[in-house]
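> coords please:
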Amino acid sequence: MDAPTVSNQVLAAAVLRLLRPLVRVLLRHGVAFGAFEALAKQAYVDVALADFGLPGKRPSLSRVSILTGLTRKDVQRWARGDAEPAEALASERYNRAARVLAGWIRDPRFHDARGTPVPLPIDGDPSFSELVRLHSGDMPARAVLDELLHVGAVAAQDDGRFVPVARAYVPQRSEADKLLILGHDVADLIETIDHNIRHGATDPRFQRKVMYDSIPVDELPEFRRLSATQAQALLEHFDAWLSRRDAELGPQDDPQPRARVGLGIYYFEERRMAGGSGAEDVSP
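Residues are numbered from 1 along each chain as shown. Below you'll find the predicted structure:
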């Protein structure tokens, strides 16, 4: 057997580092190795079928078996797999609720003279139902409202109206929705890194972080507040730009292709006993 290349050794080390926090989540939720192995087989077959076919030919089970190292029996079994309905429904609920809350925050039709989002009744003019219709299509208004109430993004007033109490839809109580974010956000980051590995010289996607490794712990609360405030303001600026160009999926007069696009920001923190200092800027 050939010795592993330096790049494969680096990749193995990177995957191991990536897997450790993921395995921590899996073990915390009682997911043993056998279940993870089945998921890995499903992912290998899905990707081989979708992305590694030969030009002009339908992907064959034999080729997928050769690429993945799985038996034909395994490939045949997992090739029939499909996304879980529960995941699709949770994803749709997440996206719809996020769009409604963002619309409430930025749409002047639902603001007062000072530009502040106004409390809304379920029905009326303006109303929460109208907000949902404009920013989430035909989704039942009550279902969206219940979701936003459930995660603590919206509060009920004594007069029967509702008011946003958060500027972004971030699940606070639903563990299932938090796990859904794990799948979506980490996958997006890995997709960007993979794109930059392959096309960074000609078509780079923005991928940066700033990091120092010797910050006094008592300074962290201030940085958490600073980063949260400024990051939220930046995301709202991008949200306003994207929302002016967004269109509902479906038949359109505009023939140009459409894409899902966005930018994510996250905060990380790791306690260190000792270390130096320095900033890291990860470029493509």
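> What segments of the protein are strands?
154-156, 162-164 (DSSP state E).
> and these, which is most packed in?
Mean neighbours per residue, mean count of other Cβ atoms under 10 Å, is largest over the strands of the chain for strand 162-164, with a mean of 19. C-beta here means a position set from N, CA and C on the backbone, and glycine is covered the same way.
> Packing partners of it?
If you count contacts as 3 or more Cβ pairs under 8 Å, 6 or more residues apart in numbering; DSSP states H and E, strand 162-164 packs onto helix 85-106, helix 141-150, strand 154-156.
> Quick check: which of these is nearest to Glu270?
In terms of Cβ to Cβ, the element of the helices and strands packed on strand 162-164 nearest to Glu270 is helix 85-106, at 27.8 Å.
> would you turn the helices and strands packed on strand 162-164 into CSV with mean pLDDT and distance to Leu49?
Shown next, in CSV, are the helices and strands packed on strand 162-164 (pLDDT from 0 to 100; distance: least, Cβ to Cβ, whole Å):
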stretch, mean pLDDT, distance to Leu49
helix 85-106, 72, 19
helix 141-150, 88, 34
strand 154-156, 93, 42
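> Tabulate the strands of the chain in a markdown table, adding columns for distance to Glu269.
Below are the strands of the chain laid out as a markdown table (distance: least, Cβ to Cβ, whole Å):
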| stretch | distance to Glu269 |
| --- | --- |
| strand 154-156 | 29 |
| strand 162-164 | 28 |
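> In the chain, mark out all the helices, start to finish.
Secondary structure of the chain by DSSP state H: the helices cover 6-28, 33-51, 61-68, 72-79, 85-106, 128-136, 141-150, 175-199, 220-243.
> Around Phe206, how many other residues sit close by?
The tally of other residues near Phe206 (other Cβ atoms under 10 Å) stands at 9.
> Give me the below-cutoff pLDDT ranges for this structure.
Filtered on pLDDT under 70, the chain yields the residue ranges 1-4, 80-94, 169-174, 176-177, 247-254, 273-284.
> Next, find the distance separating His150 from Trp104.
Distance, His150 to Trp104, using Cβ to Cβ, to the nearest Å: 16 Å.
> more neighbours, those two?
Set side by side, His150 and Trp104 show more neighbours around Trp104, with 25 against 15, by other Cβ under 10 Å.
> Can you tell me how far the more buried one is from His111?
Computed as Cβ to Cβ, the Trp104 to His111 distance reads 9 Å.
> Now for the two: what residues contact both?
Pro117 (Cβ atoms under 8 Å, 6 or more residues apart in numbering).
> Now for Pro204, how many residues are close by?
Neighbours of Pro204 (other Cβ under 10 Å): 13.
> Actually, Arg109.
Counted with other Cβ under 10 Å, the neighbours of Arg109 add up to 11.
> Then His195?
Burial of His195 is recorded as 15 neighbouring residues (other Cβ under 10 Å).
> Name the nearest residue to it, ignoring sequence neighbours.
Arg205 (5.5 Å; Cβ to Cβ, 6 or more residues apart in numbering).
> Number of residues surrounding Val186?
Counted with other Cβ under 10 Å, the neighbours of Val186 add up to 15.
> Let me fix that, I meant to ask about Phe238.
For Phe238, the count of nearby residues is 13 (other Cβ under 10 Å).
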